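J.: mind folding the following:
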Amino acid sequence: MMAKPTLATVWLGGCSGCHMSFLDLDEWLFDLAQQVDLVFSPFMDAKQYPEGVDIALVEGAVANEDNLEMIRLVRDRTQYLISFGDCAVTGNVTALRNVLGTAEPVLQRSYFDVADLYPPIPMDSDIVPPLLDQVRPLHTVVPVDLYLPGCPPPAPRIRFALEALLRGEIPDLEGREQIKFG
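T.: Numbering: from 1, shown residues only. Sure, this is the predicted structure:
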């Protein structure tokens, strides 16, 4: 018996809306579960990203040092990486702080200007991972194999892409319904 392809979903700097849209696949998730082995996701309790992942849907932009480390690991261990949603594709809302130039104004506002109890910026990376000065879409950090836009991508678009990949085809994302942002 041939092994099923492996699927991972990863959540970086974003709101988890793309993962919520993934759950909107509803009953098709049962069909998907028969076709793939889910090996890493916020939906499960895996702590380490495994080796040899066939397909990864990566939501969110690269906003901090942990995100940067994770996306490099995911790219290294994944055959087909999908930039999943507008934050992953363009930076979107997550990148709005880029106009400030560095992460410092965000930290100042969050931990000093509006802080009531504990004004110092937490410097322990176990508490708050160090922010990158600029939020970056995935393709500026690692090679991406497919862009799946949308905020979030609608469930039919996610299904369309996954079904094509599981048939061994490259998804043909053309036309307004497949490439619409927002």
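
J.: when you work out contacts or count neighbours from here on, use the C-alpha atoms and nothing else.
T.: Noted.

J.: for the residue nearest to the spatial centre of the chain, name its beta-bridge partners.
T.: The residue lying closest to the centre of the chain (Cα atoms, centre = their mean) is residue 59, at 1.6 Å. Assessed by DSSP bridges, residue 59 has beta-bridge partners residue 11, residue 84.

J.: wait, doesn't it sit right on residue 12?
T.: Yes: using Cα atoms under 8 Å as the test, residue 59 is close enough to residue 12 to be in contact (5.9 Å).

J.: can you tell me which helix or strand of the chain has the lowest average pLDDT?
T.: helix 176-179 (a mean of 66; mean pLDDT, DSSP states H and E).

J.: so where do the helices sit in the protein?
T.: 17-23, 28-35, 65-77, 86-90, 104-108, 155-166, 176-179 (DSSP state H).

J.: could I have the CA atoms of the longest one written out in CSV?
T.: Spelled out, that is helix 65-77. Extracted in CSV, the C-alpha atoms of helix 65-77 (Å, rounded to 0.1, in the frame of the first residue of the first chain):
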residue,chain,number,x,y,z
GLU,A,65,12.3,35.9,14.8
ASP,A,66,10.2,32.8,15.5
ASN,A,67,8.3,33.2,12.2
LEU,A,68,11.6,33.6,10.4
GLU,A,69,13.0,30.5,11.9
MET,A,70,9.8,28.5,11.3
ILE,A,71,9.4,29.5,7.6
ARG,A,72,13.0,28.5,6.8
LEU,A,73,12.4,25.1,8.5
VAL,A,74,9.1,24.6,6.7
ARG,A,75,10.7,25.4,3.3
ASP,A,76,13.6,23.1,4.0
ARG,A,77,11.3,20.2,4.9
